[in-house]
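In: Model the following, please.
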Amino acid sequence: MTLQELRSKFLAYYEKNGHAIIPSSSLVPENDPTTLFTGSGMQPLVPYLLGQKHPQGTRLVNSQKSFRSGDIDDIGDNRHTTFFEMLGNWSLGDYFKKEQLPQVFRFLTEEVGLDPKRLYVSAFIGDEANGVPKDAEAEAIWKELFASKGIDAKTVDIGSEARGAEIGMQGGRIFFYDVKKNWWSRSGIPANMPAGEPGGPDSELFYEFDFIEHNPKFGAHCHPNCDCGRYIEFGNSVFMQYKKNEAGGFELLPQLNVDFGGGLERFAMAANNTADIFGLDVFADLISTLETKSGKKYKDADGKENEYTAAFRVVVDHIRASVFLIGDGVIPSNNERGYFVRRLLRRAIRYWDKLGINEGGIASTVDALLESYKDAYPETYARRTEIKAEIETEEQKFRTTLRHGLKEIEKIFVDLQSQKKDVISGIDAATLYQSYGFPVELTQELAKEKGVKIDMDGFHAEMKKHQDLSRAGSEKKFKGGLADTSDMSLRYHTATHLLNAALRQVLGDHVGQKGSNITPERLRFDFSHPAKMTDEEKKKVEALVNGAIEAAFPVSFREMPKEEAEKLGAIHAFGEKYGDVVKVYTVGDEAKPFSREFCGGPHVSNTKELAGPEGKARFVIQKEEASSQGIRRIKAVLA
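Out: As a prediction, this is how the structure comes out:
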């Protein structure tokens with residue numbers, strides 16, 4: 001079963017069961033300074049899970065593009081990818097466990113055709129210290145579902161993963177794990193949750209690859225959460241059931257929500273009974289092309305991995321992730337999101353070279369890759385020429401960087417020789433990597449030729465400092481239309497709408513929003529424009545925005561069909577996908593507005609609020625600069 005077939009089957013099944021299909025959000029979260037990338041299907045829906053009304057209703061389903069930068073260094077095994085799609089269905093105060101677990105079970109066993117004997121599930125064991133009970137309801141539902149397939153589902157209380165390795169499967173089908181595995185909240189375990197925060201138990205789905213033998217290096221015994229590869233977790237139903245009260249206890253939420261997320265690629269692994277994620281159709285075709293170009297084989301004739309297997313995986317994973325990131329407007333650079341695209345592409349080029357491919361460059365794979373996604377993501381497919389151009393440019397830059405890096409490492413060798421040392425310091429190795437894009441693997445190869453070693457512990461320590469910062473910025477779990485809803489952030493969010501409208505008035509209708517970032521201290525706004533703004537243009541934009549603030553325009557919103565919104569002239573981000581019903585914010589008079597945009601909100605209720613409590617704040621452009629080719633960036637404040 002292909003990814004396209006499985007994605008379509010999932011969406012059609014839930015649509016038939018009363019769910020509205022909502023489009024995937026961009027990989028670049030809108031107006032969220034807490035996270036660099038969308039890393040789960042839940043992120044764009046958090047405001048609705050916390051009570052805000054969704055324009056599409058109370059039952060939703062989609063397949064969300066996701067990217068996790070923290071997984072880059074894990075690529076090379078048979079399970080991890082940096083880019084993936086998250087299949088998701090949600091109930092916003094509609095149905096709960098008794099409906100959720102049966103519908104996902106029926107989808108797997110009846111629509112996809114999975115053998116129920118290969119399915120295992122987990123549930124929450126409870127947290128006695130915090131007064132949260134064991135999820136006996138989920139256990140009872142699962143027992144009934146397995147019994148309908150002739151399976152006597154034995155329950156095993158495991159608790160921690162460490163205990164799982166000690167006691168093993170014990171003939172179980174339903175496994176209870178502790179708060180570290182089967183509890184969800186924004187703050188983690190119940191003890192860390194502040195008063196008023198929602199949370200709840202979850203129930204995970206596992207598929208068994210019965211042809212894989214347990215590897216004792218992961219523990220004496222196997223269990224569903226073991227990392228040996230025999231079992232793979234491919235879906236999780238989160239039940240937002242509780243709210244922590246002021247006394248430290250838990251009470252039921254007035255609105256009980258369901259959030260299901262399952263990796264599309266992992267679903268496909270189960271559907272195709274393949275333990276190698278790179279054996280799926282979107283990867284297999286690319287790998288076959290690389291085999292032809294390189295003259296090397298992805299695996300040996302007996303199906304076992306060889307010295308080149310990891311290189312094939314890195315190339316195809318990193319190219320796919322880069323294609324979708326660039327498609328969503330992230331251009332290779334040394335800063336923030338662009339840094340990760342640059343890192344992905346340069347790592348792909350390094351392993352491309354390791355495969356000994358001399359024909360063409362990595363951009364030559366883009367057309368074949370996007371052919372598999374043209375129906376699901378036509379907006380990305382339409383940008384394939386632009387995406388290829390960015391990748392080609394980056395490869396040319398990196399080839400030049402490699403030459404410069406070789407000069408730098410030669411200087412290090414000379415210094416070591418003069419000092420009669422034979423170890424490259426961790427700091428030097430990290431600098432070669434971070435400042436020159438020089439892969440440490442290449443540094444190691446060259447060092448070996450010179451009879452020199454590398455302080456790899458020192459290198460990893462330096463890289464860990466960088467990765468810790470990266471993870472803190474990019475692996476947050478949550479996202480709303482606006483992550484920080486403080487008064488200042490709301491004011492800056494509304495200011496971006498005024499700025500967008502003013503730029504279009506001054507520069508022309510070709511201006512389109514290409515991204516924004518808002519904190520309580522400032523706003524940053526990226527937009528399409530081919531040239532640097534003149535001082536006069538910047539002054540005109542400031543005057544228009546400040547005029548709108550002084551005019552005390554009302555800010556209102558309406559939910560309406562997308563077609564109606566477009567007829568009204570509401571503008572939206574280029575390439576962004578929207579549902580059939582959208583929320584539109586209007587600044588000013590409905591008949592002749594200053595601004596009208598598709599937006600999830602929230603905003604201030606009147607533009608005069610942007611002037612602050614004393615009514616003296618003014619909109620000031622602090623900086624206007626190039627963000628990437630054809631994209632300008634404004635940093636502005638209300639001061």
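In: quick one: contacts of stretch 389-404?
Out: Defining contact as Cβ atoms under 8 Å, 6 or more residues apart in numbering, one finds that stretch 389-404 is touched by 319, 322-323, 326, 331-332, 341-342, 345-346, 349, 361-363, 366, 436-438, 442. C-beta here means a position set from N, CA and C on the backbone, and glycine is covered the same way.
In: Put the buried members of those residues into a ChimeraX selection.
Out: In ChimeraX, a selection of the buried entries from these looks like this (16 or more other Cβ atoms under 10 Å):
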select :319,322,323,326,331,332,341,342,345,346,349,361,362,363,366,436,437,438,442
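In: So which of the contacts of stretch 389-404 sit within helices?
Out: In this view, the contacts of stretch 389-404 that belong to helices under DSSP state H are 319, 322, 323, 326, 341, 342, 345, 346, 349, 366, 436, 442.
In: Could you pick out the one among these with the lowest pLDDT?
Out: Lowest in pLDDT among those is residue 436, which has 73.
In: could you pull out the strands for the stretch 401-550 of the chain?
Out: 423-424, 453-454, 513-518, 523-528 (DSSP state E, counting those that start in this stretch).
In: Give me the below-cutoff pLDDT ranges for the protein.
Out: Low-confidence segments of the chain (pLDDT under 70): 31-34, 437, 466-486, 574-575.
In: For the host helix or strand of residue 261, which strands pair with it and how are they oriented?
Out: Residue 261 belongs to strand 250-263 when assigned by DSSP states H and E. For strand 250-263, the paired strands and their directions (DSSP bridges) are strand 83-92 (antiparallel), strand 231-244 (antiparallel).
In: Now render the strands of the stretch 401-550 of the chain as TSV, adding distance to residue 201 and mean neighbour count.
Out: Below are the strands of the stretch 401-550 of the chain laid out as TSV (distance: least, Cβ to Cβ, whole Å; neighbours: other Cβ atoms under 10 Å):
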stretch	distance to residue 201	mean neighbour count
strand 423-424	50	20
strand 453-454	47	16
strand 513-518	34	23
strand 523-528	39	21
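In: can you put those in CSV and add distance to residue 157?
Out: Listed next are these as CSV, based on distance: least, Cβ to Cβ, whole Å:
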stretch, distance to residue 157
strand 423-424, 51
strand 453-454, 47
strand 513-518, 46
strand 523-528, 50
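In: Minimum distance to residue 246: which of those has it?
Out: Set against residue 246 and scored by Cβ to Cβ, the strands of the stretch 401-550 of the chain come closest in strand 513-518, at 31.0 Å.
In: Break down the stretch 1-150 of the chain into its strands, ranges please.
Out: 20-21, 59-67, 83-92, 119-124.
In: which one of these lies closest to residue 51?
Out: strand 83-92 (8.7 Å).
In: Now do the closest one against strand 59-67: the angle between them, please.
Out: Orientation check (axes from the mean of the first three to the mean of the last three Cα atoms, to 10 degrees): strand 83-92 against strand 59-67 gives 160 degrees.
In: How far off centre is strand 83-92?
Out: Offset of strand 83-92 from its chain centre (Cα atoms, centre = their mean, to the nearest Å): 11 Å.
In: Only the buried residues of that strand, if you could.
Out: Within strand 83-92, the residues scored as buried using 16+ other Cβ under 10 Å are 83, 84, 85, 86, 87, 88, 89, 90, 91, 92.
In: still on that earlier bit, using CSV, lay out the strands of the stretch 1-150 of the chain together with distance to residue 459.
Out: Converted to CSV, the strands of the stretch 1-150 of the chain look like this (distance: least, Cβ to Cβ, whole Å):
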stretch, distance to residue 459
strand 20-21, 47
strand 59-67, 25
strand 83-92, 27
strand 119-124, 38
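In: Quick one: closest of these to residue 147.
Out: Smallest distance to residue 147 across the strands of the stretch 1-150 of the chain (Cβ to Cβ): 13.4 Å, for strand 119-124.
In: Now do the closest one: which elements does it pack against?
Out: Secondary-structure packing of strand 119-124 (3 or more Cβ pairs under 8 Å, 6 or more residues apart in numbering; DSSP states H and E): helix 136-147, strand 174-177, helix 179-182, strand 198-208.
In: ok, 6 Å please
Out: Packing partners of strand 119-124 (3 or more Cβ pairs under 6 Å, 6 or more residues apart in numbering; DSSP states H and E): helix 136-147, strand 174-177, strand 198-208.
In: just how off-centre is that strand within its chain?
Out: In terms of Cα atoms, centre = their mean, the centre of strand 119-124 is found 25 Å from the chain centre.
In: Stretch 315-324 now?
Out: The answer for stretch 315-324 is 14 Å, by Cα atoms, centre = their mean.
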